[in-house]
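Peer 1: I need the structure of the sequence given here:
(chains A and B)
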Amino acid sequence: MAGTSGREGRHGSDRGVDGLLAVIARETIRGWLVTRVGIWLIAPLLLRGVGWWLDSLLLTGFKATVFVALSVTWLVDFEFGRSRQREYIANLGCGRLATIGLAFGGALVAEFAFFWVVSAL
Amino acid sequence: MSSILSADSMGKRFGTTVVLRAASLRLETGITFLVGRNGAGKTTLVRILVGLIEADSGIVRFRGEYLERPRWAAMARQGFSYLPATGFLPLKSRISTVLRAVSRSDKAYWHVVEQSHLEDLVGERIADVSTGERKRAEFAWLILRRPDVLVADEPLRDLSPIDRGSAMTRMRDLADGGSAVLVTGHEIENLLPDADSVLWLRDGYVIDLGSPEEALENPAFLGEYLGR
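Peer 2: Numbering: from 1, shown residues only, chains lettered A, B, ... in the order given. This is a model prediction of the structure:
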């Protein structure tokens, strides 16, 4: 059998961390954004209208509850779901904790970006 | 010669059932076929190599480093890929998305798509294609990823003869490109002719049967596994 020398490190140059992060970010944030936009924009408008949407403490509680529920759902699906997201990401070289951190970090950034856009309008 | 991935005296029991006693193996470039009866512990050994199960005893060595408990993602960063029997591509993603994620260029992407006969399927979600098409997409991903080590657990299971042949061709492509491929399964007629070496997991130990020709001359293997 032939040896394996001379093949060391080819992955590092082939596809670096940028590609990996891009894939994870796209996969995790995309689904989150779609859901969030639906909850933040459409549901409140259907309920009461724009003014109430911005001011209501009750709705803020509702949003927070939904956010936590979505986060837990995402986490459970990632760990125990059948979507194979976890296996795919592991084969890309990203561990579970890093993925969870990235997904929630991305969610947080998107949350602030959303607030910034809304307050600027 | 030092092997890229090896396991030494792996032991594992579930309750009172001893699955692995002192299973050892060494992977080098080429296709290594790990065979054994149902319940012999093939998947257990594979999952220990990947770090999905913790062994009771023994040690894994990857790229010269001893690992008490391997970590799949950390090994993947160093050229390791694992193909579970249930697949690994995310069901909600499109084939083009996952393949482009590991393509170094547009040319490489289209070359592998055509090679894998996925031209009409790249826009489909993984969940929406057949088992054979899904497996073709997984091997296309692996060809683009070019792992130094691929551990494939029953990759031919539930595949039609033509898809089995296609999967074997892709594994041969990887091996000829310098990868070490460990494959498990019961599809002797497909796996044996293409293997470079055969390991037999029996009674918790791994027996090195040598080449496929040598394996077919082993009376114990012929009698106890093939039933001849």
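Peer 1: so where is the chain shaky, pLDDT-wise?
Peer 2: Just so you know, I chose chain A. Counting by pLDDT under 70, chain A has low-confidence residues at A:1-64, A:66-67, A:107, A:111.
Peer 1: think we crossed wires, I meant chain B
Peer 2: For chain B (pLDDT under 70), the answer is B:1-2.
Peer 1: Chain A contacts on that one?
Peer 2: For chain B, the residues in contact with chain A (C-beta under 8 Å from any C-beta of the partner chain) are B:1, B:3-4, B:28-30, B:63, B:71-74, B:76-79, B:81-82, B:84, B:86-93, B:97-98, B:101-102, B:104, B:145-148, B:178, B:180, B:196-197. Yep, even glycine has a C-beta here, placed from its N, CA and C like the rest.
Peer 1: who touches the residue nearest to residue B:162 when sequence neighbours are not counted in this structure?
Peer 2: Closest residue to residue B:162 apart from its sequence neighbours, by C-beta to C-beta, 6 or more residues apart in numbering or on different chains: residue B:132 at 7.9 Å. Counting by C-beta atoms under 8 Å, 6 or more residues apart in numbering or on different chains, residue B:132 touches B:159, B:160, B:162, B:163, B:166.
Peer 1: Drop anything exposed from the residues of chain B next to chain A.
Peer 2: B:3-4, B:28-30, B:63, B:71-74, B:76-79, B:81-82, B:84, B:87-91, B:93, B:97-98, B:101-102, B:145-148, B:178, B:180, B:196-197 (16 or more other C-beta atoms under 10 Å in any protein chain shown).
Peer 1: Now intersect the residues of chain B next to chain A with the helices, please.
Peer 2: Of the residues of chain B next to chain A, the ones assigned to helices by DSSP state H are B:72, B:73, B:74, B:76, B:97, B:98, B:101, B:145.
Peer 1: now, among the residues you listed, which is nearest to residue B:205?
Peer 2: Nearest to residue B:205 among those, counting by C-beta to C-beta, is residue B:72 at 25.1 Å.
Peer 1: Could you tell me which residues make contact with the closest one?
Peer 2: Contacts of residue B:72 by C-beta under 8 Å, 6+ apart are A:90, A:91, B:50, B:51, B:52, B:80, B:82.
Peer 1: Same check on residue B:55?
Peer 2: Residues counted as contacts of residue B:55 (C-beta under 8 Å, 6+ apart) are B:10, B:11, B:12, B:20, B:48, B:69.
Peer 1: Could I get the phi/psi values of it?
Peer 2: Backbone torsions for residue B:55, taken as degrees, to the nearest 10, come to phi -80, psi 150.
Peer 1: hmm, back to that, pull the most distant pair out of the ones in helices among the residues of chain B next to chain A.
Peer 2: B:74 and B:97 (24.4 Å).
Peer 1: my guess is residue B:218 meets residue B:209, correct?
Peer 2: Yes. Residue B:218 is within contact range of residue B:209, at 5.6 Å (criterion: C-beta atoms under 8 Å).
Peer 1: Looking at those two, which has the bigger crowd around it?
Peer 2: It is residue B:209, of residue B:218 and residue B:209, that has more neighbours when counted by other C-beta atoms under 10 Å in any protein chain shown, with 22 against 17.
Peer 1: you'd agree that one is in a strand?
Peer 2: Yes. Using DSSP: H, G, I helix; E, B strand; the rest coil, the assignment for residue B:209 is a strand.
Peer 1: Next, find the distance separating it from residue B:38.
Peer 2: Per C-beta to C-beta, to the nearest Å, residue B:209 is found 19 Å from residue B:38.
Peer 1: cool, residue B:116 as well?
Peer 2: In this view, residue B:116 and residue B:38 are 30 Å apart by C-beta to C-beta.
Peer 1: and the two? which has more neighbours close in?
Peer 2: Higher neighbour count among residue B:116 and residue B:38: residue B:116, with 25 against 6, using other C-beta under 10 Å.
Peer 1: Now for that one: which residues touch it?
Peer 2: B:136, B:137, B:139, B:140, B:143, B:166, B:170.
Peer 1: for it, phi and psi?
Peer 2: When quoted as degrees, to the nearest 10, the phi and psi of residue B:116 stand at phi -100, psi 10.
Peer 1: again with residue B:36
Peer 2: Backbone geometry at residue B:36, expressed as degrees, to the nearest 10, gives phi 180, psi 160.
Peer 1: which residue packs closest to the spatially most central residue of chain B, ignoring adjacent ones?
Peer 2: The C-alpha lying nearest the average C-alpha coordinate of chain B belongs to residue B:152 (C-alpha atoms, centre = their mean; 1.6 Å). In this structure, residue B:152 finds its nearest non-sequential neighbour in residue B:83, 4.2 Å apart by C-beta to C-beta, 6+ apart.
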